[in-house]
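Asker: I'd like to go over a predicted model; first the sequence, then the structure.
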Amino acid sequence: MDIQSASSVVLQALTQATSQDTALLKPAEEQLRQWETQPGFYSVLLNIFNNHMLDVNVRWLAVLYFKNGIDRYWRRVAPHALSEEEKTSLRAGLITNFNEPVNQIATQIAVLIAKVARLDCPRQWPELIPILLESVKVQDGLQQHRALLTFYHVTKTLASKRLAPDKKLFQDLASSIYSFACSLWNHHTDTFLQQVYARDEEAALSSLERTLLSLKVLRKLTVHGFIEPHKNMEVMGFLNSVFERLKQFLECCRHVGQGSVCREKLEKTIILYTKVLLDFLEYHPFPFIPLIQRSLEFAVSYVFTEVGEGVVFERFIVQCMNLIKKIVKNDSYKPAKNIEDSKPESLEAHKIKTAFFTHPTLAEIGRRLVSHYFLLTEEELAMWEEDPESFAVEETGGDSWKYSLRPCTEVLFLDIFHNYSQTLTPVLLEMVQNLQGPTNVEEPVQLLMKDAVYNAVGLAAYELFDNVDFDQWFKNQLLAELQVSHNRYKLIRRRVIWLIGQWISVKFKSDLRPLLYEVILSLMQDPDLVVRIETATTLKLAVDDFEFRTEQFLPYLESIFGLLFQLLQQVTECDTKMQVLHVISCVIERVSIQIRPYVGCLVQYLPLLWKQSEEHNMLRCAILTTLIHLVQGLGAESKNLYPFLLPVIQLSTDVSQPPHVYLLEDGLELWLVTLENSPAITPELLRIFQNMSALLEMSSENLKTCFQIINAYTYLSATEFLQNYAEGLCRSFCELMTDITTEGQVQVLKVVEIVIKVSPVLGSHMFQPLLPAVFRGIVDGERYPVVMSTYLGVIGRVLLQNSSFFSSLLTQMAAEFNQEMDQLLGSVIEMWVDRMDNITQPERRKLSSLALLSLLPSDNSVIQDKFCGIINICVEALHDVMTEDPETGTFKDCMLVSNLEEPKLTDDEEPPTEQDKRRKLLALEDPVHSVSLQQFVYEKLKAQQMLMGDQGFQTLMETVDTEIVRQLKEFLQGM
């Protein structure tokens, strides 16, 4: 590519690629994509974005294409990799001058240089760091800033490399440039402070930007550049100076006030200083020990005393609290259970913490947290009024404590309370004591204080277990608080019902439940929406609790369910609807079939909600969960939901539809429970199975549920199902078996075994292509016991329930093995007898003996030759399945099921599903459960005796071990 002519062609394409007109844009993008692998293309791009005369959008695009090219083609091993010559000239071109005028492009160039440095520095690019160090010293403001920006991005990228040789290289770099980085940071910091106090705001802002960048470099070098940082005077000197600098910058905040142009960057720099400490503590807990005292003094004084008044801001408070929390909670700073086993550093750290956290200090921190930081703010109260749903469903889970003030204060409170509960419990109980009795609604401050104290008692419920008699408090005080209906008292109504929710699983007497349900019933009708939502959440905690008793809840079920449904309709936000649906699901799940009379309104509303939630997949997931519990509660009556239910299952499990990404797991679960509870197959229910082949192709973690669905169809309507889908299913299974784990193969074959059990003729015929592999596995003596057991289960079913099919399979296999049929049958029986111990389930052991016995009576010499082994297996199986009746002294087969048994359900047991009933009926036809093994053995031996005559039979029996014969006779006595 001739550079000059190429430049104009590429420039034209880039110009068109910035166009808003797709007719120009698309061909230009395609052209640029084709050039990506052309030699010289990136040299042209470098010339274009280094030419400050060109349009800024074109230059921006050139940088992006260059950056993407590094990711794809810079490594030597990449396809279409750049040549070493071009890379050398590009590296030189990138750092010839640091004078990019446009901030965004400068940042992109810095990132791009860092990407190259990650791959090439220092080996192929030794000059990069020296050039950067020289460039940050120049007097020219722009050049100095751009070099510093690049220096930061390079340092950040090199610090992120994790392989041992790379870390060693970064440590060598850190040692060689640390002094320089410190002096650079100090110089820019001092310059900034002079300028800001001299009221030269514009110059100050420029110096502050450099301070920030040089501090970012130091943070990376300090945290990742040293194996033993505490042994390096400069590193520890820098970390100690952070506290001084933080004080200077916080004072500077007070000095410049809110309106200053420097304010935002100032706060950013202050947060960066705290990040240095937090990162160092995280990566180097032991080297941090000399800094514990200063860190605690600094953070506690700014957050919990008047020192911080007028200077602290929210993000800084969060960082300080996180610093205290990480020191309090750090496992490295806790002595081992046996003091002798503790590291000396841990004991040292523990000693410093104990000396700092005196009784007065802890009491003050505890009081300030509750009485100052736990109070609802003006903004929160305004949000309660203006946007109650967002207020009620505010996210406080996950990592929100790292960034948001309220979750941060609550997590700090919990950690300090947990570690120093003996000191803090009396402090908190005294605060509760001071707030006894209803609070005057005319005293908003007292209401907020009570809300905060009750919040603390709820958060610390587990720690306060031995110190609070919650049942008494509930009856004597909290109930009365819930009955104050004044509008301003809604703060306390909401907090008390939340508090009860926190204590339910900790300490709440079962006898008080009915009283609680009455309270919930009353508060679900509270005029305030926040109170109603909070009450629904507490209801979920109550219903979900281990101590929940359905009979206590039933008298309130109809009213509460109706009110929950009203709440679901009243709320408008997606998150709130999801929250209320979870409560509804939970109630349905716990009361099971008792819900049937009350779900009419919900059943009518869910289709509408489903339609409205087309854009909200997470809400649809919540609807699916509700439907799962609803179908389980309705049982066979769920067929009335099919007009809505089946299209929902169809959409959720269709992998060609985009929503399946969110809905598939719950959709499959719903499909399964729908089948389990279905009274009879319908054409629509059968049709949904068309979705299955694509699901099996995905062979994801949902395979297990897919197999359960296939089994459910087999139980529901084997003939129709197999005639429609078995052929395709067999193909899917054959493909699956080739690339699936052993465990997966077992699962596939279990499905086949069930199909043959339920429908021996059609099943064997339809899944015939899978059976030769199973047969081969048995003859070859499959070494995995679980797989062998499954193979024998499948072939056992065929032999016992479809003997003519077994004969044709044997003929086919004999031809394949090039053996006589009898010889092959002998090998199979021998392997079966030999590997009987692989089979652990009593059902399969009985199946094996029934199957082998079904070969008798026989005059085939091979079968007579294996007679001894067949009898051994039968006696083993008799030991497994025969139980002695203590009264009559006779034996009976414990696997037989009769039609008469209808077991009584206890309260905790689920009533049988439709599928359970179907399986029971099928068991009545299954030889394993309908044929007495004892009787079968007797009849088969009798028939063999008839066939051979007494003398011949006697000779045959003599091949069996005498002890086995004795046991056999014992089982058969009286027959």
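Answerer: Nice, I can see it.
Asker: C-alpha from now on. contacts and neighbour counts both.
Answerer: Noted.
Asker: To which secondary structure element is residue 897 assigned?
Answerer: Secondary structure here is read from DSSP states H and E; on that basis residue 897 sits in neither a helix nor a strand.
Asker: Tell me how far residue 56 lies from residue 104.
Answerer: Counting by CA to CA, to the nearest Å, the gap from residue 56 to residue 104 is 10 Å.
Asker: which one of the two has more residues nearby?
Answerer: When residue 56 is set against residue 104 and neighbours are counted by other CA atoms under 10 Å, the residue ahead is residue 56, at 14 against 11.
Asker: Residue 13 contacts residue 30, correct?
Answerer: No: with contacts counted by CA atoms under 8 Å, residue 13 stays clear of residue 30, the gap being 9.5 Å.
Asker: So which of those two has more stuff around it?
Answerer: Between residue 13 and residue 30, counted using other CA under 10 Å, the more crowded position is residue 13 (20 against 12).
Asker: Setting the sequence-adjacent residues aside, check what's closest to the more buried one.
Answerer: Of all residues beyond its chain neighbours, the one nearest residue 13 is residue 28 (5.1 Å), with distances taken as CA to CA, 6 or more residues apart in numbering.
Asker: for that neighbour, what are its contacts?
Answerer: 13-14, 16-17 (CA atoms under 8 Å, 6 or more residues apart in numbering).
Asker: For residue 395, give me the pLDDT.
Answerer: Residue 395 carries a pLDDT value of 61.
Asker: Could you do residue 699 as well?
Answerer: With respect to pLDDT, residue 699 has a value of 67.
Asker: Show the low-confidence segments of the protein, by residue range.
Answerer: Low-confidence segments of the chain, defined by pLDDT under 70, span residues 1-5, 395-398, 699, 889, 899-909, 974-975.
Asker: give me every residue that touches residue 78.
Answerer: By CA under 8 Å, 6+ apart, the contact set of residue 78 is residue 72.
Asker: now do 10 Å
Answerer: 71-72 (CA atoms under 10 Å, 6 or more residues apart in numbering).
Asker: helix or strand for it, which one?
Answerer: In this structure, residue 78 is located outside every helix and strand according to DSSP H and E.
Asker: any idea how far it is from residue 71?
Answerer: Between residue 78 and residue 71 the distance, using CA to CA, works out to 10 Å.
Asker: Centre of the chain to the lengthiest helix in the chain, how far?
Answerer: If each helix of the chain is counted by residues according to DSSP state H, the longest one is helix 703-738. Taking CA atoms, centre = their mean, to the nearest Å, the mean C-alpha location of helix 703-738 is offset from the chain mean by 30 Å.
Asker: cool, and stretch 910-921?
Answerer: Relative to the centre of its chain, stretch 910-921 is centred 33 Å away, using CA atoms, centre = their mean.
Asker: quick one: buried residues of that stretch?
Answerer: Within stretch 910-921, the residues that qualify as buried are 913-915, 918-920, counting by 16 or more other CA atoms under 10 Å.
Asker: Give me the residues contacting that stretch.
Answerer: In this structure, residues lying in contact with stretch 910-921 by CA under 10 Å, 6+ apart are 592-593, 632-633, 635-636, 673, 675-680, 712-713, 715-717, 758, 897-899, 904-905, 922-923, 926, 929.
Asker: What subset of those residues is buried?
Answerer: 592-593, 632-633, 635-636, 673, 675-679, 712-713, 715-717, 758, 897, 923, 926, 929.
Asker: wait, isn't residue 813 in contact with residue 821?
Answerer: Yes: counting by CA atoms under 10 Å, a contact exists between residue 813 and residue 821, whose distance comes to 8.2 Å.
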